[in-house]
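K.L.:
Return a 3D structure for these sequence lines:
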Amino acid sequence: ILFAFHPHSEVGIDVEQQKDERHWDSVARQLFSPQEFDDWSRFDAQQRRHRFYAEWTRREAGLKAIGSGFAIEQPVGWDTPLRFFDLELPPDYAGSVAIVRSDQSVVRPVPGLNPSNVV
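P.N.:
Here you go, the predicted model:
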């Protein structure tokens, strides 16, 4: 169980166990832009798995932060400015935290987060 809180902003978090799935290509084609998909396709299978889950958890965390989900065509609020942090987790796990950016909030690095991956 993982919780994330921020005193002034909405927060979303997602953690996934990286499984060896064979349907990544079809999901990635829907999830990524055409350019992102082309870039992703150039990696070997192990790198694709890692990068797929990294991007999946970022997007899931972002959707949770704005209170939306993948079920709708264009998530409401998806144009909301977000800040992403990748979590440092045990091998075979990926996770991200998304924070809604606002003028009132001050985002500081959080222990256990990798601030070098801030988007």
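K.L.:
what's the single longest helix in this structure?
P.N.:
helix 45-66 (DSSP state H).
K.L.:
What ranges does the chain have for its helices?
P.N.:
Under the criterion DSSP H, helices of the chain are mapped to 24-31, 34-41, 45-66.
K.L.:
can you give me the angle the second one makes with helix 24-31?
P.N.:
Compare the direction of helix 34-41 with that of helix 24-31 by axes from the mean of the first three to the mean of the last three CA atoms, to 10 degrees and you get 160 degrees.
K.L.:
C-alpha coordinates for helix 34-41, PDB please?
P.N.:
Coordinates of each C-alpha in helix 34-41 appear next as PDB, following Å, rounded to 0.1, in the frame of the first residue of the first chain:
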ATOM      1  CA  PRO A  34       2.500   7.400 -33.300                       C
ATOM      2  CA  GLN A  35       6.000   9.000 -32.700                       C
ATOM      3  CA  GLU A  36       6.100   7.600 -29.100                       C
ATOM      4  CA  PHE A  37       5.100   4.100 -30.400                       C
ATOM      5  CA  ASP A  38       7.800   4.200 -33.100                       C
ATOM      6  CA  ASP A  39      10.400   5.200 -30.500                       C
ATOM      7  CA  TRP A  40       9.200   2.600 -28.100                       C
ATOM      8  CA  SER A  41       9.300  -0.100 -30.800                       C
END
